[in-house]
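> Sequence below, structure please.
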Amino acid sequence: MKIISMYLPQFHHVKENDEWWGKGYTEWIAVKNADKLYEGHVQPKVPLNKKYYDLMEKSTMEWQAKLMRQYGVNGQCFYHYWFKNGRQILEKPAENLLQWTDIDMPFCFCWANDTWARTWSNIQEKNEWAFRFEKSKKDFDSGILLEQQYGKEDDWKIHYDYLKKFFKDSRYIKYDEKPLFLIYKSRLITCIKDMLACWNKWAIEDGYKGIYVIGANVDINTEKYLDGILYHEPQSVISKQFGKVEDGVMKYQYRQLWDSILVENGYREKTYYGGFVAYDDTPRRGKGGIVIEGASPELFQEYFSQLIAKNFFYGNEYIFLNAWNEWGEGMYLEPDIKDKYSYLEAVKYAREHYREHIEKFKKNMNLSIYNELDVYRKKVFRYEKYWKVLDAWLRLREQGKKLEKYLVKEHIEKIGIYGVGMMGRHLISELSNSEIKIVYAIDQKAEFIESLVEIYRPDEVFPTVDAIIITILSDVEEIIDRINKKIDCKIILLEKMVMDIVEDRLLI
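Below you'll find the model as predicted:
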């Protein structure tokens, strides 16, 4: 069982931080300027001996590697930032490690694949990096700092060629002769099937057995292309809990969250259960942040021992711990003036005593629950996706933006609609009094549906139109294949059209 901690490569100067957040900005600026927001709030966090290190100094990584070996952390998972057209940021610490071959620091990458944007940007899936240090909005400013787009095969090859320099390093962590690679928000990568197929092909050509990809934040359309999924904590468990707004922050209880982590069951066999040290992101967000109360080295030791046992029981090779050095989120193993080395000592204790808890999971876990949970989770993912698209669609209406305008702009006059469920009915309603002519709809239950338009079954022959809009959000690849065998026309995914308009990728 290898313990891998998440590693933030932010603690050094880059020109973008100077431009966006003020000259000399690094994560340490946010940490040092944190405010105590209420009685008992432990802020600011101060490193032991005030070691506000610079990751550009070799001695920093040497010190970190020594701590890892001493306390039983087996590897670091560096956050990897790769954006549209291969734009990078915060890449130098990992590149330096590649040159500093004498530093014994096993490592892998986690692609943090969301767009970086300011708080006022209308991008939904975004990283608001330094909330408290935002500058005033300018009328012409879209708020996008670094845009995430995935491109085509040529772009994937450039990305792979960059990564393979690290894969070749003997310290890069590999599973069954496959480089280990995490994706933070795999559900955002609509081309994930084709992209990973290319990456695996190129990795095999380079002498590996492929790439072992673990995804966090998955959905039903992406998880099937992954080798495993990760419950990335505490974000995963927080999404299923109710916090309490108090003193201007959202508060959760440490015990309650950890108890939930330990009873969580995955919906597929290869599920990695992550853990976290503590959490308080008010250095970045101030009021409006999240604080998880009640954390202590003693409780962490108790819970982390059980989490290792749980992962061992399920046959997992790795346990991912958040985090080594997320100081701006109060989530770090590195020593501070309050707890000194206690959290690191808790890790060492847990890896030496986790077997004492394995029997608990043998008694309480029923592996047959996977089949039942698989059905349940798929339903949850599907309805969560419908909710997000409907929310985005409603915002378009509030802004006076209509899908009709996009279709007219694309010279589409006659359409068919695939799927007359909830989304399909809303689309028919919106377009019924527009310039767009809905010629027919297609649905598996055609004979049972009352509609304003003619409805065909998918196995029937249907007339030619300019485009068919697919309103169904799952199994879209199979639907596209089915349509292509029947008719030659443009195929539009309702989900993609709505989200692209919301995020200004389609201007109307």
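> Any stretches of the stretch 401-508 of the chain with poor pLDDT?
Along the stretch 401-508 of the chain, segments meeting pLDDT under 70 span 448, 450, 503-508.
> Show me where it has its helices.
For the stretch 401-508 of the chain, the helices defined by DSSP state H, counting those that start in this stretch cover 403-409, 422-431, 476-486, 494-502.
> Give me whichever of the ones you listed is most buried.
Highest mean neighbour count of the helices of the stretch 401-508 of the chain: helix 494-502, a mean of 20 (counted as mean count of other CB atoms under 10 Å). Bear in mind the C-beta positions are built from the backbone N, C-alpha and C, glycine included.
> can you count the residues close to the closest residue to E27 other than its chain neighbours?
Excluding its sequence neighbours, the residue lying closest to E27 (CB to CB, 6 or more residues apart in numbering) is Q10, at 4.4 Å. Q10 has 23 neighbours, counted by other CB atoms under 10 Å.
> Out of the helices of the stretch 401-508 of the chain, which gets nearest to I292?
For I292, the closest of these is helix 494-502, at 31.1 Å, according to CB to CB.
> ok, back up a step: from A112, how far out is the residue nearest to E27?
Distance, Q10 to A112, by CB to CB, to the nearest Å: 11 Å.
> Same check on V453?
Using CB to CB, V453 is found at 44 Å from A112.
> who's more crowded, the two?
More crowded of V453 and A112, by other CB under 10 Å: A112, with 20 against 15.
> That one contacts F78, doesn't it?
No - at 9.8 Å, A112 does not count as touching F78 under the criterion of CB atoms under 8 Å.
> anything in contact with each of the two?
Common neighbours of A112 and F78 are not found (criterion: CB atoms under 8 Å, 6 or more residues apart in numbering).
> Please report the distance of L344 from L67.
6 Å.
> go on, F320?
Going from F320 to L67 by CB to CB gives 18 Å.
> Ok, K437 next?
Taken as CB to CB, the span from K437 to L67 is 67 Å.
> Could you do E177 as well?
From E177 over to L67 the distance is 29 Å, taken as CB to CB.
> between these two, who's got more neighbours?
Between E177 and L67, counted using other CB under 10 Å, L67 has the larger neighbour count: 15 against 11.
> Just give me the residue right at the centre of this protein.
Centroid-nearest residue in the chain: K185, 2.4 Å away (criterion: CA atoms, centre = their mean).
> from memory that residue sits against L230, does it?
No - applying CB under 8 Å as the test, K185 and L230 come out as separate, 11.4 Å apart.
> so what's in contact with the two at the same time?
Common neighbours of K185 and L230, counting by CB under 8 Å, 6+ apart, are A216.
> will you turn the helices of the stretch 401-508 of the chain into JSON lines that also has distance to Y272?
Output for the helices of the stretch 401-508 of the chain, formatted as JSON lines (distance: least, CB to CB, whole Å):
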{"stretch": "helix 403-409", "distance to Y272": "39"}
{"stretch": "helix 422-431", "distance to Y272": "33"}
{"stretch": "helix 476-486", "distance to Y272": "26"}
{"stretch": "helix 494-502", "distance to Y272": "28"}
